[in-house]
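In: Sequence and predicted model, in that order:
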Amino acid sequence: MRQRKAIDKAIYEEIEQRKAHPDGSRQDILSLLMSATDGAGNYLNVSELRDELITLMLAGHETTATAMSWALYWIHHLPEVKRKLVAELDSLEDSSDYMAIAKLPYLNAVCQETLRIYPVGMLTFTRVVQEATEVLGYEFKPGQIVAGCIYLVHRREDIYPEPKQFKPERFLERQFSPYEFIPFGAGSRRCIGEALAQFELKLAIATIIKNYDLALADHKPEFPQRRGITLAPAKGVKMVLKGVKTVKSPDKAIA
Ligand code: HEM
């Protein structure tokens, strides 16, 4: 409750500041929310603005942080994965070029495979059937509630051979359709933070791997465990800092 109070205070103060000093050139999410209107021209009120920001922070923080933990686990659990990733990162001319980092193929494949093998959100949010329909022999009636199981889709052997193996190469060898690879859900209610999450995940992993020499605290496998609506590493991926690497031009990404 105390923490909520402190967060609310910070958010409401920020909203008041923005109202007092409007700046039409701002493109951040709070500015966009404050300038948005519904069909009748109504703006969001302050408590609605606060709710939107809290949703973004909570839906966005825990999920992405968990994905980062999983990625660090796989990279350090499988030496070959780490070797290839370090080689790719070392090949970058300018390690502060965020866009170049985001386009690195092996880093991208590692992040995708991380989100495939133990999807942080294992289920989509629920949908309510609007019209009677049939899917693969199953009948759905109006009013029924269904949820997509991301975990089971990602474990299909026909789509992902040896599904229990962490193999980033599968994402280099072929492209998966939005019906096959769905870590962010699907359709018009898919995750709105998808692009931000992937960008953040890649920059954080690249920055950590480039600057720090880490090792897993033990070599026992991590298994997934439900934590609320997320699927998180049961032991929390404990790691040991073995050293700080000397990087010629300090990464701006660290800030
Ligand atoms: C690795 C990180 C993330 C994962 C794995 C993830 C996963 C998901 C999934 C599976 C859904 C349900 C989609 C559906 O029902 O089809 C969802 C919805 C949502 N996510 Fe994310 N998410 C991540 C990061 C973020 C971030 C960074 C934000 C915001 C900044 C965010 C905001 C939301 C919101 C607001 C929804 C509800 C969308 C709606 O109902 O229209 N998520 N996310």
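Out: Yes, it's here.
In: and the chain, which residues reach the ligand?
Out: 55-56, 59-60, 63-64, 67, 115, 120-121, 124-125, 183-186, 189-193, 196-197 (Cβ under 6 Å from any ligand atom). For glycine as for every other residue, the C-beta is placed from the backbone atoms N, C-alpha and C.
In: Just the buried residues of the residues you listed.
Out: Buried subset of the residues of the chain next to the ligand (neighbour count, 16 or more other Cβ atoms under 10 Å): 56, 59-60, 63-64, 67, 115, 120-121, 124, 183-186, 191, 193, 197.
In: Which residue ranges of this protein form strands?
Out: In the chain, the strands defined using DSSP state E lie at 127-128, 133-135, 138-140, 145-146, 212-216, 224-227, 230-233, 239-244.
In: Could I get the buried residue list for the longest one?
Out: Of the residues in strand 239-244, Met239 count as buried by neighbour count, 16+ other Cβ under 10 Å.
In: Show me what that strand is packed against.
Out: strand 212-216 (3 or more Cβ pairs under 8 Å, 6 or more residues apart in numbering; DSSP states H and E).
In: can you check the second one too?
Out: Using 3+ Cβ pairs under 8 Å, 6+ apart as the contact criterion, the secondary-structure elements in contact with strand 133-135 are strand 138-140.
In: Tell me the gap between the strand it packs on and the middle of its chain.
Out: With Cα atoms, centre = their mean, to the nearest Å as the basis, strand 138-140 stands 32 Å off its chain's centre.
In: ditto for stretch 199-219
Out: 15 Å.
In: Quick one: mean pLDDT for that stretch?
Out: Average pLDDT, stretch 199-219: 96.
In: buried sites along that stretch?
Out: By neighbour count with 16+ other Cβ under 10 Å, stretch 199-219 contains the buried residues 199-211, 214, 216.
In: ok, the residues you listed vs Tyr12, which is closest?
Out: Closest approach between these and Tyr12, by Cβ to Cβ: Glu200, at 25.8 Å.
In: Look up the closest residue to that closest one, ignoring the ones flanking it.
Out: With Cβ to Cβ, 6 or more residues apart in numbering as the criterion, Glu200 has its nearest non-adjacent residue at 5.5 Å, and that residue is Thr64.
In: On the pLDDT front, check that neighbour for me.
Out: 96.
In: give the contact list for it.
Out: For Thr64, the contacting residues are Gly193, Ala197, Glu200, Leu201, by Cβ atoms under 8 Å, 6 or more residues apart in numbering.
In: Could you do Ile15 as well?
Out: Residues near Ile15 by Cβ under 8 Å, 6+ apart: Leu30, Met34, Val46, Leu49, Arg50.
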